[in-house]
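In: coordinates only, no sequence provided:
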C-alpha cells in the first residue's frame, strides 16, 4: 500500500498555490496570441496585448497576475489503495493554502461568516471536492477562483421540454448579463444535469479541464464548438468594450439527472483561468 | 485611438476633453476604496465626520491590492467590479468626486449622475494587476488599516493606464462598444 505524508501534501499545495497565481497557463497564452491576430477592434487587440504584458511582468517580478488571488478550489481524487500518514488530507490542503498565501504575498480574501464577514487572514478554508478512485494515486487539481467572474455565474432549473435550445439560451443570457464585469475574454464552464448542486459543481470542474482538452463525447464537443461561436457573436469583447473575443474556451460537463429536471449551471472564469495539477 | 495624459485633481475642463474609448494615462493622487471602505465612508458622513481626504475633484480607485512584498511599493493592484459600489457612489459624487477607476458597467443612476456632474468613469484592465502596479510610485494607508486590503490608501501614480468607459456626455463604451460587434442580430436561431 502506498504511503503519502501530510507534510508532502502541505508543501506541494503551498508551492502550487503561489505558482498558479503568478504564472499564466501556457495554453491560455497561445489562445490570447491567436485572438489578437483574429480581432478587428484595435482597443480589443491592445487590451489583450496588455494582458500578455501583465503576465510577463508578474513572472519577472514574482507578483500575482491579478490582485484577486481567489478562493482556492480543490478537486481531489484519492486512490483507495493509498494511506495518508501524519494527518488528514483536508487539513493538509488547508495548511498548504495558508502557508502559500502568506509566504507568497497573496491576497487573503476569505471571510469566515458570510454575514459577519471577519477575514480568516490566511485564505482558508479551501473548497474541496473528493472522489474516491481506484489505484494508489493522490491527485489534487487546484484552482484560484476570482470572484469578479464567480459573481456573474448562474444556475437554473430548466424544464426538460426546454431542451438544448433552452440550455443555449440560458448560457448566452448569463454571459450577456455578465458583460465586462467578469473580465473577458473568459473561459466558460457549463454543468448540465444531476441536481441543483451537482450542476454547479460540475460546471466548476469543467473550468479546471485543460484548455486544449476536447470533450470525449462528440455530441458535447460539437455543442462546445457551437457555443463558443455563438458567445463570440455577442460582441462583448475583451473587458466588455466590444470585439470578437468574448470567450477563449467553453467546456461542458454532464451528469445523469431526474426525469423531471434539466439543471444547468454556468460558471464563468476570467482570463487568468488559474489552475494546476498535483500528483502524489 | 487617442492617448491622453491628465493630472489630478480633475476639473470640468480636463474631463470635457475625454471621450469614451480614449486611452488615458493618469498622474497624481488617487485614493483607493472598495466595498468595506465605502460603507465606512457612509458612516463617517452620517456622523458628520470629515472625510479622510479631499474629495473635490478626486479620483477613487476600486482596488484591494495583494500584500506588498519586501522592497516593493505595492503588490498586484488591478480594478475590482465597480457596480458593487453603485449604491454609495451618488453620496460621494454629490460631495465633488469627479473620477472613478474600476471595471465593468455602472448603474443607470450613476451614469446619469456622471453626465449631470460632468464626471468621468475610467476602466482599468481587470486582471492586469501586475502591469498596473508598475505605475504606482507611492502608496500609504491613510485610514481604516483594520480593513486590510480594503483600507483606504493614498496612491501617487505616474502614467496609470485607463480607458474612458463612461464620459461626461454619458457615452458608455460598455453599450456602444459591443453594439458594433454584435453579429447575433443577423443570425437566425430562435434565441
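Out: Yep, it's here. As the structure is a prediction and not an experimental result, all values here were calculated from the model.
In: longest helix of the chain?
Out: Unless you meant another one, I'm taking chain A. Determined from DSSP state H, the single longest helix within chain A is helix A:42-61.
In: that was the other one, I meant chain B.
Out: Secondary structure of chain B per DSSP H: the longest helix is helix B:35-46.
In: so how far is that helix off the chain centroid?
Out: Chain-centre distance of helix B:35-46: 17 Å, with C-alpha atoms, centre = their mean, to the nearest Å.
In: and the very next helix or strand once past it, which strands flank it?
Out: Using DSSP states H and E, the next helix or strand after helix B:35-46 towards the C-terminus is strand B:59-61. Sheet pairing of strand B:59-61 (DSSP bridges) gives strand B:23-32 (parallel), strand B:99-102 (parallel).
In: mean confidence (pLDDT) on the last one, please.
Out: Mean pLDDT, strand B:99-102: 98.
In: quick one: contacts of that strand?
Out: Strand B:99-102 is contacted by residues B:8, B:10, B:15, B:26, B:30, B:58-63, B:79-82, B:85, B:89, B:119-124, B:160, B:162 when judged by C-beta atoms under 8 Å, 6 or more residues apart in numbering or on different chains. Where you see a C-beta, it was placed from the backbone N, CA and C, and this is true even at glycine.
In: same question, the longest one
Out: With C-beta under 8 Å, 6+ apart as the test, strand B:23-32 has contacts from A:43, A:46, B:1-9, B:18, B:53, B:58-65, B:101, B:122, B:135, B:142, B:151-164.
In: show me these that map onto helices.
Out: Short answer: those in helices (DSSP H) are A:43, A:46.
In: which other helices and strands contact the lengthiest strand in chain B?
Out: If you go by DSSP state E, chain B has its longest strand at strand B:152-166. Packing partners of strand B:152-166 (3 or more C-beta pairs under 8 Å, 6 or more residues apart in numbering or on different chains; DSSP states H and E): strand B:23-32, helix B:35-46, strand B:120-123, helix B:129-133, strand B:136-143, helix B:173-181.
In: pipe those into CSV and attach distance to residue A:76 and mean neighbour count per row.
Out: Below are the helices and strands packed on strand B:152-166 laid out as CSV (distance: least, C-beta to C-beta, whole Å; neighbours: other C-beta atoms under 10 Å in any protein chain shown):
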stretch, distance to residue A:76, mean neighbour count
strand B:23-32, 37, 20
helix B:35-46, 32, 17
strand B:120-123, 38, 26
helix B:129-133, 29, 27
strand B:136-143, 38, 16
helix B:173-181, 39, 19
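In: can you redo those as JSON lines with mean pLDDT?
Out: Putting the helices and strands packed on strand B:152-166 into JSON lines (pLDDT from 0 to 100) gives the following:
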{"stretch": "strand B:23-32", "mean pLDDT": "98"}
{"stretch": "helix B:35-46", "mean pLDDT": "96"}
{"stretch": "strand B:120-123", "mean pLDDT": "98"}
{"stretch": "helix B:129-133", "mean pLDDT": "98"}
{"stretch": "strand B:136-143", "mean pLDDT": "97"}
{"stretch": "helix B:173-181", "mean pLDDT": "94"}
